[in-house]
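Undergrad: Below is the sequence, then the predicted model.
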Amino acid sequence: MKDCIFCKIISGEIPVKNKVFEDDKVFAFEDLNPQAPVHILIVPKKHIACLNEVNQENSELLGYIQLVASQIAKQKNLEGGYRLVNNCGADAGQTVLHIHYHLLGGRIFAWPPG
Ligand code: 5GP
Ligand code: ZN
């Protein structure tokens, strides 16, 4: 989608130095502003704005992202645990309107989250 920063990263229009994973469906790269020693964004190549746009057709893709997340977590040696976070909408702090999952690890996380 035009004017979407993650679509531009996925297409290569904006070069990304820190790609972690790519296949035909999913792209993963390190967050610009990491909130933990490991902070990776996992993004479907298809532009979906947020969880509110999920339907029967694309729900399988989001399930697949969880498989990718668990594989990246293994590669990054996050045996002790990790968080997979999706912010949906302004109240949750979503700033990029292309659905993405934050894979966070390498430190102890508090609950409830801020
Ligand atoms: P949100 O707040 O929407 O859940 O998360 C957006 C995330 O994207 C933020 O953690 C922010 O640091 C990250 N981000 C925004 N623009 C870029 C960028 O151009 N490159 C990378 N690597 N991360 C970005
Ligand atoms: Zn997009």
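TA: Ah, there it is. Numbering: from 1, shown residues only. Ligands and ions are numbered 1, 2, ... in the order given.
Undergrad: phi, psi of Lys19?
TA: Comment: the main-chain dihedrals of Lys19 come out as phi -70, psi 140, following degrees, to the nearest 10.
Undergrad: Tell me which residues touch it, please.
TA: Taking C-beta atoms under 8 Å, 6 or more residues apart in numbering as the definition of contact, the neighbours of Lys19 are Phe27, Ala28, Phe29. C-beta coordinates here come from the backbone N, C-alpha and C atoms, glycine included.
Undergrad: Can I get those in CSV including pLDDT and neighbour count?
TA: CSV is the format used below for the contacts of Lys19 (pLDDT from 0 to 100; neighbours: other C-beta atoms under 10 Å):
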residue, pLDDT, neighbour count
Phe27, 98, 22
Ala28, 98, 23
Phe29, 98, 20
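Undergrad: Where is the longest strand in this structure?
TA: strand 38-44 (DSSP state E).
Undergrad: Next SSE downstream of it?
TA: Moving toward the C-terminus from strand 38-44, the next helix or strand (DSSP states H and E) is helix 59-75.
Undergrad: Restricting to C-alpha, output the following helix or strand past that following helix in CSV.
TA: Using DSSP H and E, the next helix or strand after helix 59-75 towards the C-terminus is strand 82-85. Coordinates of the C-alpha atoms in strand 82-85 are reproduced here as CSV (Å, rounded to 0.1, in the frame of the first residue of the first chain):
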residue,chain,number,x,y,z
TYR,A,82,9.5,-14.2,25.3
ARG,A,83,6.6,-12.0,24.5
LEU,A,84,4.7,-11.8,21.2
VAL,A,85,2.8,-8.5,21.3
